[in-house]
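# My questions are about this predicted structure, shown below with the sequence.
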Amino acid sequence: MTAYDAAVAQWRNDPEGYWLKAAAGLAWSRPPSRALDASQGLFGRWFADGVLNTCHNALDRHVEAGRGAQTAILYDSPITGAQLKISYAEMRDRTARLAGALAARGVTKGDRVIIYMPMVPEAAIAMLACARLGAIHSVVFGGFAAAELAARITDATPKAVITASCGLEPGRVIAYKPLLDAAIGMSAHKPDFCLVLQRPQAEAAMTAGRDFDYAAEEAAGAPHACVDVAATDPLYILYTSGTTGKPKGIVRDNGGHAVALHHSMSMIYGMTAGDVYWAASDVGWVVGHSYIVYAPLLAGCTSILFEGKPVGTPDAGTFWRVCAEHGVKLLFTAPTAIRAIRKEDPEAALMRKHDLSKLEALYLAGERCDPPTALWAAEQLGIPVVDHWWQTETGWPITAGFRGFGLFEPRPGSGGKPTPGFDVRALDSEGNEVPRGENGALVVKLPLPPGCAPTLWNAEQRYREAYLSTFPGFYDSSDAGMVDAEGFVWVMGRTDDIINVAGHRLSTGAMEEVLAAHPDVAECAVVGIADALKGQAPLGLVVLKAGAARDADEVAKELVKLVRDRIGPVAAFKEARVVQRLPKTRSGKILRATIRKIADGETYAVPPTIDDPLILDEIAGVLGR
């Protein structure tokens, strides 16, 4: 029996004991008496009678243990040339002062605070300051447009917004404050106040009586102690795309989240206190929450906070420069980043300029990594390259390779084996488990383990409908794939209309809503098509209204701009095609899966329910297939 097999057996035989042992690695004001209370919530609540504070466990606990001088956050910004090391003691003190400043303006336990910031240390400090107070933070990625931010303000009803004057991309400055002002103007809810971090690249105009200088507030704040919260109290809300176009507020609790992430750092990533860990993501996404801020700090690691890109800041060697310069032990990024690096530096000449002797493993997530990319990275780096599968909803890996147990033999294309706590099955449309090696809907048998979202913000029924109703007794991941004979899980695609663009989950339904708002568009469909760099890219097909005497190319340009303005550059929406009609079933359902196969040049069967088979030839002609 391998170490992995033994851990799975221990969890299956005594899940209560397994999770209470994991919980014992944290500091509790009142330790939980049991792991799962099955009588609470939609599938049970974890550590329901426990009391703790996540910020205390991420910062104060390490300072009290005598490790305050160790670097907690290492900020590296190739865009500005700035670098900064912040110790655990400094992070604790800065976080305590910002918490005091927020409290002085009325933020208390349970209040919401939206954080709309670039990749700067103040973003992590803002998250932790909210956690210190027991306030609920909701980080919104800075690339999102005003309308998307407004929807989140309306749903979360925050007491405060913490933002920066701008974010930085290679060669351009993105002014955040005008986007925030526009979002507040659109939103039915108005925050009491905003804190604005003024950056020298673009200073923001302040609204008198509402906006206050972040740096001044933090400096003047009276240090605030950690506030005890129940393990089941929310830590944060993170919005993810919904199939209806309306964002879903994923809720993360304090206790289960802290236990799962702390446990994962040693078990999955093989990290211990003092190790340098780098998740090259953004705090606007779940990876940034879980593995830039919370998990590394809960484990006492040094976490890299990087403001840059895998290419263009200044070149495809920047990741390897950061790893070499700071002694990174494990790098975690999206396959898109490695594809971009490979495209710019196929022979890895820039990689070989750096001493990567301390780099022990590369972990990939956010989308399935295509085998050629994984094999290229493994060959060039000479270290294990581990693809693993997880979602915003789960907050940590469903499947992985486990450095804490000794890694499996690489299986390029597979996301590894299920993490202890996740009982993964593949089911057919009737809910029956399919034989090993056959494709089905990938699900997790309830209860979900600690760390997974227990509900949606103010939308428990929507949670039931989205995740629990299709296969009673199971969490529906909306991913399709198989579990092979040896227990490896292979994620092959989506079963809904969420597409994965460069590791970012985006709703085609939301994009369709934008296209449909154009005055000349009668109907439309957006599908995710294969993209060599980003994994998937959205393609829009539109049917113009009768009598719309417009040039098709001009309409397409307007539609691209419309999506960019309404959803933001992150959607990577660059292609819209005008067609005479869309393929549909006789009941009127658009055949999006068939459109995608045509666009990708795949073979497809003519669906038996199609209204007019000849339309498929028309679509193929428009797409040049």
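Noted; the coordinates are in hand. This is a predicted model, so every value here is computed, not measured.
# the residue most distant from the middle of this structure, which is it?
Gly547 (43.1 Å; C-alpha atoms, centre = their mean).
# In stretch 602-618, which residues are buried?
For stretch 602-618, the buried set under the neighbour-count rule, 16 or more other C-beta atoms under 10 Å, comprises Pro607, Ile610, Asp611, Ile615, Leu616. Placement of C-beta: from N, CA and C, glycine included.
# The third one is in contact with Arg581, isn't it?
When you say that, I think you mean Asp611. No. With contacts defined as C-beta atoms under 8 Å, Asp611 does not count as touching Arg581, sitting 9.4 Å away.
# As PDB, could you dump the C-alpha coordinates of the lowest-mean-pLDDT helix or strand in the chain?
Ranked by mean pLDDT, DSSP states H and E, the weakest helix or strand in the chain is strand 504-507, scoring a mean of 77. Coordinates of each C-alpha in strand 504-507 appear next as PDB, following Å, rounded to 0.1, in the frame of the first residue of the first chain:
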ATOM      1  CA  HIS A 504     -10.400  32.100 -16.200                       C
ATOM      2  CA  ARG A 505     -13.900  30.700 -16.200                       C
ATOM      3  CA  LEU A 506     -16.200  32.800 -18.300                       C
ATOM      4  CA  SER A 507     -19.900  32.500 -19.100                       C
END
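# Mind checking what helix or strand follows it in sequence?
Using DSSP states H and E, the helix or strand that follows strand 504-507 towards the C-terminus is helix 508-516.
# What lies in contact with that following helix?
For helix 508-516, the surrounding residues in contact (C-beta atoms under 8 Å, 6 or more residues apart in numbering) are 241-245, 497-499, 521, 523-528, 538, 540, 542, 559, 562-563, 566-567, 571, 573, 576, 592.
# Return the mean pLDDT over the following helix or strand past that helix, rounded to an integer.
Following helix 508-516 in sequence order, the next helix or strand is strand 521-531 (DSSP H and E). Computed over strand 521-531, the mean pLDDT rounds to 89.
# Relative to strand 521-531, what are the paired strands and their orientations?
Note on strand 521-531: by DSSP bridges, its sheet partners are strand 535-544 (antiparallel).
# how big is the angle separating the partner strand from helix 508-516?
40 degrees (axes from the mean of the first three to the mean of the last three C-alpha atoms, to 10 degrees).
# Kindly export strand 535-544 (C-alpha atoms) in PDB.
C-alpha atoms of strand 535-544 as PDB (Å, rounded to 0.1, in the frame of the first residue of the first chain):
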ATOM      1  CA  GLY A 535      -6.900  26.800 -24.200                       C
ATOM      2  CA  GLN A 536     -10.300  28.200 -25.300                       C
ATOM      3  CA  ALA A 537     -11.400  31.500 -26.900                       C
ATOM      4  CA  PRO A 538     -15.000  32.700 -27.400                       C
ATOM      5  CA  LEU A 539     -16.500  32.800 -30.900                       C
ATOM      6  CA  GLY A 540     -19.700  34.700 -31.500                       C
ATOM      7  CA  LEU A 541     -22.200  33.900 -34.200                       C
ATOM      8  CA  VAL A 542     -25.000  36.400 -34.800                       C
ATOM      9  CA  VAL A 543     -28.000  36.700 -37.000                       C
ATOM     10  CA  LEU A 544     -28.900  40.200 -37.900                       C
END
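# neighbouring contacts of the helix or strand that that strand is followed by?
On the C-terminal side of strand 535-544, the closest following helix or strand by DSSP H and E is helix 552-566. By C-beta under 8 Å, 6+ apart, the residues outside helix 552-566 that reach it are 145, 147-148, 511, 514-515, 517-518, 520-521, 538, 540, 542, 544, 548, 571, 573-578.
# so what does the next helix or strand after helix 552-566 touch, helix or strand wise?
With elements assigned by DSSP H and E, the helix or strand that comes after helix 552-566 is strand 575-578. Under the contact criterion of 3 or more C-beta pairs under 8 Å, 6 or more residues apart in numbering; DSSP states H and E, strand 575-578 touches strand 535-544, helix 552-566.
# Dump strand 575-578 to CSV, keeping only the CA atoms.
Below are the C-alpha coordinates for strand 575-578, written out as CSV (Å, rounded to 0.1, in the frame of the first residue of the first chain):
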residue,chain,number,x,y,z
GLU,A,575,-14.2,37.2,-33.2
ALA,A,576,-17.8,37.6,-34.2
ARG,A,577,-19.3,36.2,-37.4
VAL,A,578,-22.6,37.2,-39.1
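# Any stretches of the stretch 501-625 of the chain with poor pLDDT?
Applying pLDDT under 70 to the stretch 501-625 of the chain picks out residues 586-588, 608-609.
# remind me which residues of the stretch 101-250 of the chain are low pLDDT?
In the stretch 101-250 of the chain (pLDDT under 70), the answer is 143, 242-245.
# now the strands: where do they sit in it?
Applying DSSP state E, counting those that start in this stretch to the stretch 101-250 of the chain gives strands spanning 112-116, 136-139, 160-164, 166-169, 172-175, 193-197, 211-213, 229-230, 234-240, 248-253.
# by contact count, what packs against the shortest one?
Spelled out, it's strand 229-230. Checking 3+ C-beta pairs under 8 Å, 6+ apart, strand 229-230 ends up next to strand 51-52, helix 254-267.
# could I get these as a markdown table with mean neighbour count?
Supplementary listing: the helices and strands packed on strand 229-230 in a markdown table, determined by neighbours: other C-beta atoms under 10 Å:
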| stretch | mean neighbour count |
| --- | --- |
| strand 51-52 | 22 |
| helix 254-267 | 26 |
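# Tally up the residues packed near the residue nearest to Leu448 when sequence neighbours are not counted, please.
In this structure, Leu448 finds its nearest non-sequential neighbour in Tyr475, 5.6 Å apart by C-beta to C-beta, 6 or more residues apart in numbering. The number of residues packed near Tyr475 is 28, by other C-beta atoms under 10 Å.
# Let me know the distance separating Tyr475 from Pro449.
Tyr475 sits at a distance of 10 Å from Pro449 (criterion: C-beta to C-beta, to the nearest Å).
# Now do the helices in the stretch 301-450 of the chain.
Per DSSP state H, counting those that start in this stretch, the stretch 301-450 of the chain carries helices over the ranges 318-326, 335-344, 371-381.
# These: lowest mean pLDDT?
Per-stretch mean pLDDT for the helices of the stretch 301-450 of the chain is lowest at helix 335-344 (a mean of 89).
# Could I get the buried residue list for that helix?
Pro335, Thr336, Ala337, Ile338, Arg339, Ala340, Ile341, Arg342.
# swap in stretch 362-371?
Those would be Leu362, Tyr363, Leu364, Ala365, Gly366, Glu367, Arg368, Cys369, Asp370, for stretch 362-371 by 16+ other C-beta under 10 Å.
# Just give the nearest non-adjacent residue to the last one, would you?
Residue nearest to Asp370 in three dimensions, not counting chain neighbours: Pro335, with 6.9 Å by C-beta to C-beta, 6+ apart.
# That neighbour contacts Pro372, correct?
No. At 10.5 Å, Pro335 does not count as touching Pro372 under the criterion of C-beta under 8 Å.
# How about the closest residue to Gly528 other than its chain neighbours: which residues does it bridge to?
Computed as C-beta to C-beta, 6+ apart, the closest residue to Gly528 that is not its neighbour in sequence is Ile499, at 3.0 Å. Beta-bridge partners for Ile499, by DSSP bridges, are Leu506.
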